[in-house]
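K.L.:
Return atomic coordinates for the entry below.
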Amino acid sequence: MADLHVSKKNIRSLLSLDDANTKGKTFIIPEYQRPYRWDKDTCDVLWTDFVNFYIDHKDDDKEYFLGSIVTCADSDNSSYIDIIDGQQRITSLLLLLRAFYYKLEKQNVSDPDDDDVKGLMQSIEPCIWKVNPMSKKVTDKASTHIKSLVATDDANEEFQIILESGEIPAHSNSSYAENYKTFLEKCNDYAQNALSGWKELCLFILERCIILPIECTDLDSALTIFGTLNNRGLALSDSDIFKAELYKLCKTADEKKQFTNEWKQLEQTVEDGGFTLDDLFRYYMHVNRASRNITAKEIALRAFYAGEGSKFAIFKEPNFFKELTDLAEFWNSVYSYEDIYCEDEAKKYIHCLSYYPNEYWKYPVSVFFQVHKRKDDFRTLFTLYLKKLLAFMFARFIENPTVNAVRDKVFSFYVETFKTGTFTLDSYKLPDTFESHLKRFPTSKMAKGLLLLNAYLFDPKQTLLSGKLEIEHILPQRWQNTNYNGWDKAEAEKHIEMFGNKIIFEKRLNIQAGNGYFGKKKSDYYCKSKVHEVVALSKYPQNDWLKEDIEQREDKIIQRLMDFFVENINNDKKNTVLTKNLCFHLQSGQEEFKLNETCFQDGTILYELECHEIDMAKSSLTKKVFADFCISNEDPDLLLEHIGKTKILSGNIIFLDEKNDIIVNFLEK
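P.N.:
Predicted coordinates for the structure are as follows:
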């Protein structure tokens, strides 16, 4: 690690920049730092701590410790000292001292002979402004000891105005203005109540409030120290550094203003989507790797973007920020389960993948978006892609539950996706032992994802499940022997954690159901669920849940999951889509059906039926409830049977592909 210097300084010494290492320099809050965010409550706490400590220790020599700050030499300007950690405290202390100075200025006007006031003013001045070395006076209050360059802080100028003039800009409601106003009020209130005591408080803050400055010679060392010491808030992220590098590329004031606005919009997009800017930059890193055919081990995020010579060449590519923004909007839409990019079936696969133990599935998905984002059939292609990706990611982790087991495959998948639009599983087949591996997974971190997948496979009409979901133990983990007809705990224990005894259930209902008896749970709670599999369980004919029931349900779940994995892995073909055609569009009353034909590169044809129809389970004589879902099969007749000949013959055919005789053949059978 590069050299660092640690010392102990009081507030006056620290802010005056009066030692050999800091003399003549200026504190800089760099572009990559976050905007000033202290609020009135935080300032109240700081003031109260100062006052209480002063009152308790004004007659002794104890010191108040304000923590450490981390700085480093600015790489571009030797007269600058970059504040890496502590900018919020330093800024607040300067606002507090400026409030004291403002009060002293007023007193000096009313009583110019008060030497204590003059002395305190002379003590504060070098903390805020540069002082003439000969006269020891401040000749230019615009020459402050601190400058904020934060890229996304519109109020930087207000901070400077307050330090220079002691006045709050008109109509300002920035954190600088509000906190300065708070400190002015605190000073005035304390002066009225403590008379001369407020001057002693001011001197105490200058002389006996201690900070440990850690001065580093370079940014990397400073960030390392900061990450090690920081326990108060968020450490500087890679995206903070990237923001500064992108900001530096702006040449004009208009460009800087535009970037600031666009960056704020980007921050809002990722916040709305529930992910971070670092996540976004990581997704885009893998898009870039795919475009350059890179399948080697990934490197640290900052090192990747910095590149050779730390030149951040990727940021200079003309479409970089637009592609980054597009990717952010895509993931925001995906995480929000919106219709823009996802069919209903795709949303279910995303939901299952959201419970995957790591984020590697998101990298090929990001590449898929980059390749297909302008295509009209994006949603259809995306559904097929997600289905196969989910099958592989789940199956491979079940077979070998480590990151290494999926990482290299994921890298090769996204390179292939960038080249061809999809990936193939020719080199991966389910091992003969896969089913036995699957049966051992009900207690793993994959259990919820697998049970959720089973819930969606149980009924294709199952709508997307929302809200918090939990794993319900049908036979409770804690139970009373008397409820189980002599089936003691020892006999039941091995069955409690089987898939056959677990089901996805809404958290609210799960809490209400508790560890109750099966007969009561199914009649009082299971029937209220939106999970179709749970509702089906509520109609179970008997009130006891026995070993045989668990074993039978276990077999069905395993078979259902196995069918899914076999279909999408062992039967995988080179499924690059060549064409997708609408064969048939029917309206029957308030119901609507679309039959699509998708032709793949290897000659395979898949038919997909989009349905908007009455949900009989939820409808009544007076109220019709509709459901949207999609089913697919290589045999179109099986899909058309879902509609039925009666509806086809009596309905309104909006479109019929006359080149395709699928409908005619079906009706003639």
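K.L.:
C-alpha only now, for contacts and for neighbours.
P.N.:
Noted.
K.L.:
Backbone dihedrals for Phe565, please?
P.N.:
Backbone torsions of Phe565, given as degrees, to the nearest 10, read phi -70, psi -40.
K.L.:
Let me see the confidence value for the closest residue to Cys611 other than its chain neighbours.
P.N.:
Excluding its sequence neighbours, the residue lying closest to Cys611 (C-alpha to C-alpha, 6 or more residues apart in numbering) is Phe593, at 4.8 Å. Looking at Phe593, its pLDDT stands at 90.
K.L.:
Secondary structure class of Phe593, three-state.
P.N.:
Put simply, Phe593 is strand when judged by DSSP: H, G, I helix; E, B strand; the rest coil.
K.L.:
Quick check: bridge partners of it?
P.N.:
Assessed by DSSP bridges, Phe593 has beta-bridge partners Leu586, Cys611.
K.L.:
Could you check how far it is from Leu582?
P.N.:
When distance is defined by C-alpha to C-alpha, to the nearest Å, Phe593 is 11 Å away from Leu582.
K.L.:
Of these two, give the one with the bigger neighbour count.
P.N.:
A direct count of neighbours by other C-alpha atoms under 10 Å for Phe593 and Leu582 places Phe593 higher, at 22 against 15.
K.L.:
Next, the contact list for the more buried one, please.
P.N.:
Phe584, His585, Leu586, Gln587, Leu609, Glu610, Cys611, His612, Ile643 (C-alpha atoms under 8 Å, 6 or more residues apart in numbering).
K.L.:
Let me have those in JSON lines, extended by distance to Lys243 and neighbour count.
P.N.:
As requested, the contacts of Phe593 are exported to JSON lines (distance: C-alpha to C-alpha, whole Å; neighbours: other C-alpha atoms under 10 Å):
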{"residue": "Phe584", "distance to Lys243": "50", "neighbour count": "20"}
{"residue": "His585", "distance to Lys243": "49", "neighbour count": "19"}
{"residue": "Leu586", "distance to Lys243": "52", "neighbour count": "22"}
{"residue": "Gln587", "distance to Lys243": "52", "neighbour count": "18"}
{"residue": "Leu609", "distance to Lys243": "46", "neighbour count": "22"}
{"residue": "Glu610", "distance to Lys243": "44", "neighbour count": "19"}
{"residue": "Cys611", "distance to Lys243": "46", "neighbour count": "21"}
{"residue": "His612", "distance to Lys243": "46", "neighbour count": "17"}
{"residue": "Ile643", "distance to Lys243": "55", "neighbour count": "19"}
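K.L.:
Farthest-apart pair in the residues you listed, please.
P.N.:
Greatest spacing in these, by C-alpha to C-alpha: Phe584 and His612 (14.1 Å).
K.L.:
burial count for the residue lying closest to Pro126 once chain neighbours are set aside?
P.N.:
In space, and not counting its chain neighbours, Pro126 is closest to Ser16: 5.0 Å by C-alpha to C-alpha, 6+ apart. The number of residues packed near Ser16 is 23, by other C-alpha under 10 Å.
K.L.:
and what of Ala296?
P.N.:
10.
K.L.:
For it, grab phi and psi.
P.N.:
Backbone torsions of Ala296, given as degrees, to the nearest 10, read phi -70, psi 170.
K.L.:
For Val415, see how far away it is.
P.N.:
Using C-alpha to C-alpha, Ala296 is found at 11 Å from Val415.
K.L.:
if we take the contacts of Phe593, which one ends up nearest to Lys257?
P.N.:
Lowest distance from Lys257 to the contacts of Phe593 (C-alpha to C-alpha) belongs to Glu610, with 46.5 Å.
K.L.:
my read: that closest one touches Gln587, true?
P.N.:
No - applying C-alpha atoms under 8 Å, one finds Glu610 not in contact with Gln587, separated by 11.9 Å.
K.L.:
Break the chain down into its structural domains.
P.N.:
Annotated domains of the chain cover 4-229, 247-420, 447-570, 577-668 [automatic domain parsing].
K.L.:
mind checking how far the longest one is from the chain centre?
P.N.:
By that I understand domain 4-229. 34 Å (C-alpha atoms, centre = their mean, to the nearest Å).
K.L.:
Excluding covalently adjacent residues, which one is nearest to Lys147?
P.N.:
Ile28 (5.1 Å).
K.L.:
who touches the one you found in this structure?
P.N.:
Tyr80, Ile81, Asp82, Ile83, Ile146, Lys147, Ser148, Leu149.
K.L.:
May I see the ChimeraX selection of the buried members of those?
P.N.:
Buried subset of the contacts of Ile28, written as a ChimeraX selection, criterion 16 or more other C-alpha atoms under 10 Å:
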select :80,81,82,83,146,147,148,149
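K.L.:
mind listing what Ser75 touches?
P.N.:
Counting by C-alpha under 8 Å, 6+ apart, Ser75 has contacts Asp218.
K.L.:
10 Å - rerun?
P.N.:
Ile81, Asp82, Thr217, Asp218, Leu219 (C-alpha atoms under 10 Å, 6 or more residues apart in numbering).
K.L.:
doesn't Thr91 make contact with Ile162?
P.N.:
No - applying C-alpha atoms under 10 Å, one finds Ile162 not in contact with Thr91, separated by 11.5 Å.
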